[in-house]
Structures are given as structure tokens and as C-alpha cells.
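Engineer: Take this sequence and fold it.
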Amino acid sequence: MFCPHCSHKNPPEAVFCAKCGGSLQLKSQNHKNSENPTVSEAMKWGMLIATIFIPIIGIVAGILYMQDSNLEKKSVGKLWLYAGLIMIFIYTLKMFGA
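Structural biologist: Below is the predicted model of the structure:
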């Protein structure tokens, strides 16, 4: 098992990394979460489409989801946040005729 913090190879039964002391339980919890997704595909795409039309939705939802300890939610939050920021940039360029 590789440490999610420092990538050190540890025995499969290890609970903590032998190199950095980080918890190896985080990896197994995230594996369990990938079997039962916490954010559905419909939610991911629905929010992304809503963000295209109303960027503030993606920015607010992205910030909220990035504060969650679940890595899947953080990843989706980044997607929505970046999409919202990109759309605000595009709308700003259009508004000022660039």
C-alpha cells in the first residue's frame, strides 16, 4: 500500500506510513466512497450546466464542496469553481467588447 501523503510503499496491513507517519486509512475510506458515489453524475453535470448560465452558482457550490473532507466532493467542487471563474471571465470579456 502506498502512502497518499508521501508515496512511500508500506506493507498492506499498515495503518500508518513508516516514512512520514501519515494515516493510511484515508486511502481505504476513499476507495469505499468510490463504490458509493457521494455526488451523482446527474448532479455533477447539472451544476456544470447551471454554472455556464449563472456562474455564481458554480462558484458558491464549488467553495462549499471544496471544504468537505471527502476527496470526491473536493474534486467536483474544484470543477464547479473553476468553471464559474472561467465563465465570469468570458462574460466580462464580452461585456467590455474584447
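Engineer: so how many other residues sit close to Ser40?
Structural biologist: 9 (other Cβ atoms under 10 Å). C-betas here are computed from N, CA, C, even on glycine.
Engineer: Distance-wise, check it relative to Lys73.
Structural biologist: 12 Å (Cβ to Cβ, to the nearest Å).
Engineer: pull the helix or strand with minimum mean pLDDT from the chain.
Structural biologist: Ranked by mean pLDDT, DSSP states H and E, the weakest helix or strand in the chain is helix 25-35, scoring a mean of 50.
Engineer: And the residue nearest the centre of this protein?
Structural biologist: Ser75 (1.2 Å; Cα atoms, centre = their mean).
Engineer: Which strands and helices lie in contact with the helix or strand harbouring Thr51?
Structural biologist: Assigned by DSSP states H and E, Thr51 belongs to helix 41-53. Judged by 3 or more Cβ pairs under 8 Å, 6 or more residues apart in numbering; DSSP states H and E, helix 41-53 is in contact with helix 55-66, helix 71-95.
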